[in-house]
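Chemist: okay, predicted coordinates and the sequence, questions at the end:
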Amino acid sequence: MSCSQSNSVRVRIPASTANLGPGFDTLGMALSLYAWIEMKAADQTTFHLYGDEMKGIPVDKSNLIYQVAQSVFKEAGVAIPELEISMYSDIPLTRGLGSSASAIVGALVAANELIGARLTSSKLFDMATALEKHPDNVGASLFGGIIAASWDGEHADYIRIEPSSDLGVLVAIPDFQLSTSKARDVLPEQVSLTDAVYNISRSSLLTAAFAAGRLDLISAAMRDRIHQPYRASLIPGMSRILNEASDHGALGAALSGAGPTLLALIDKRAGMGQELEEFLLRTLNEHGITAKTLWLEPSREGVIRMDKGTDQRSFLDIIKGD
Ligand SMILES: Nc1ncnc2c1ncn2[C@@H]1O[C@H](COP(=O)(O)OP(=O)(O)OP(=O)(O)O)[C@@H](O)[C@H]1O
Ligand SMILES: N[C@@H](CCO)C(=O)O
């Protein structure tokens with residue numbers, strides 16, 4: 001592989017929320033919270049990880065970013081065994097905001113750009129979904145906006161929906177981590193036909209409501225019976241928040257991904273919802289959970305390459321300035 005040692009690729013990847021209530025493993029949305037990855041071929045593999053969210057991430061070849069990059073090179077039939085990888089992230093780890101998906105998507109796209117974009121975005125989506133095991137987080141981080149996706153074990157299909165410009169997002173991020181595998185372990189092997197129909201109807205309605213910009217339907221459509229009730233014991237206060245968030249100004253509320261973050265959607269035309277924010281924090285506090293809130297937007301852009309076009313800043317300048 002003739003890849004100049006000085007060529008580097010820098011990408012910005014959005015966080016994501018998966019499931020959006022009833023759309024378990026299928027409906028995701030990109031969020032305006034980001035991670036950045038810089039990658040270049042090197043003589044020896046080195047890592048530069050910046051920021052509090054990178055604590056505990058391995059800095060050897062077992063690192064997820066390195067491993068994913070190598071899978072791209074293998075798929076494309078090229079060899080770049082040694083890499084210099086820099087990463088900064090504002091996406092909290094293991095909280096239900098798609099940190100693993102952002103790392104996978106960033107690594108896939110950076111590695112693919114490094115070799116001249118030999119793999120298609122559809123191939124990258126399939127590889128990302130195979131790694132993450134479900135398409136909702138990775139689809140949102142790749143393509144931005146709202147993603148409805150399905151996965152047959154080999155190929156992922158998706159439709160991207162442009163989020164309404166009136167849609168705002170409030171997340172309450174508890175001060176504890178909950179791994180996706182632990183949150184999946186509490187789910188039942190089977191659900192009843194009644195619960196399946198309950199979810200299919202709401203997930204279909206929610207997808208159509210997003211596509212049509214019908215924010216008034218979100219409250220009814222965001223209810224779920226196949227994952228949130230089973231995960232409630234892992235997040236004290238969650239059931240009350242999901243049941244009562246609409247009384248405090250939310251269009252709807254859901255567990256974000258596998259949790260523990262809770263997400264509420266709002267109509268920005270109605271104001272920024274201080275009462276809603278206080279309700280979320282107070283309810284979690286009453287259940288012994290401390291949390292921080294963030295006001296976010298849907299991210300219309302998915303992963304983007306930052307070293308093209310206007311942005312010529314160094315990686316460290318991005319960390320300081322963005
Ligand atoms: N930048 C990174 N580099 C290496 N590993 C990472 C990185 N970001 C995340 N990971 C791995 O992913 C794990 C978190 O994945 P997990 O699926 O449990 O949570 P999440 O992706 O934050 O949330 P969710 O999937 O529910 O939205 C971390 O514990 C870490 O092992
Ligand atoms: N759809 C996944 C998202 C977490 O990665 C779940 O809820 O388990």
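Modeler: On my side now, so go ahead. Ligands and ions are numbered 1, 2, ... in the order given.
Chemist: skipping adjacent residues, who's closest to the residue of the stretch 51-200 of the chain found nearest ligand 2 in space?
Modeler: With C-beta to the nearest ligand atom, the shortest gap between the stretch 51-200 of the chain and ligand 2 falls at residue 180, namely 4.2 Å. All C-beta atoms are positioned from the backbone trio N, CA, C, and that covers glycine. Distance criterion C-beta to C-beta, 6 or more residues apart in numbering; nearest residue to residue 180, sequence neighbours excluded, is residue 258 at 4.2 Å.
Chemist: interface residues of the protein facing ligand 1?
Modeler: 18, 57, 63-65, 87, 93-101, 103, 137, 179-180, 257-258 (C-beta under 6 Å from any ligand atom).
Chemist: all helices of this structure, in order?
Modeler: 64-76, 99-114, 121-132, 135-143, 180-185, 193-212, 218-221, 228-231, 238-244, 274-286, 315-321 (DSSP state H).
Chemist: before we move on, back to that, show the buried residues in the residues of the chain next to ligand 1.
Modeler: Buried subset of those (neighbour count, 16 or more other C-beta atoms under 10 Å): 18, 57, 63-65, 87, 93-101, 103, 137, 180, 257-258.
Chemist: let me see the contact set for the nearest residue to residue 144 once chain neighbours are set aside.
Modeler: Once flanking residues are discounted, residue 144 sits nearest to residue 302: 3.6 Å by C-beta to C-beta, 6+ apart. Taking C-beta atoms under 8 Å, 6 or more residues apart in numbering, we find residue 302 in contact with 13-14, 30, 105, 140-145.
Chemist: residue 223: which of these is nearest?
Modeler: Nearest to residue 223 among the contacts of residue 302: residue 140, at 21.0 Å, using C-beta to C-beta.
Chemist: so who does the closest one touch?
Modeler: Residues in contact with residue 140, defined by C-beta under 8 Å, 6+ apart, are 14, 16-18, 28-31, 98, 101, 146-147, 302.
Chemist: please repeat the previous calculation with a cut-off of 7 Å.
Modeler: 16, 28-30, 147 (C-beta atoms under 7 Å, 6 or more residues apart in numbering).
Chemist: let's see which of those residues end up in strands.
Modeler: Using DSSP state E, the subset of the contacts of residue 140 located in strands is 16, 28-30, 147.
Chemist: what residues does the stretch 151-300 of the chain put near ligand 2?
Modeler: Near ligand 2, when you scan the stretch 151-300 of the chain using C-beta under 6 Å from any ligand atom, you find 180, 183-184, 227, 257-258.
Chemist: now these in TSV, with pLDDT and distance to residue 306?
Modeler: What follows is these, written out as TSV (pLDDT from 0 to 100; distance: C-beta to C-beta, whole Å):
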residue	pLDDT	distance to residue 306
180	90	28
183	95	32
184	94	33
227	97	35
257	96	25
258	94	29
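Chemist: point out where the stretch 201-322 of the chain drops to low pLDDT.
Modeler: 272, 308-313, 318-322 (pLDDT under 70).
Chemist: for residue 238, which non-adjacent residue is closest in space?
Modeler: residue 232 (5.2 Å).
Chemist: number of nearby residues for the one you found?
Modeler: Other residues lying near residue 232 total 17 when counted by other C-beta atoms under 10 Å.
Chemist: that one and residue 242 touch, don't they?
Modeler: No: contact criterion C-beta atoms under 7 Å: residue 232 and residue 242 do not qualify, at 8.3 Å.
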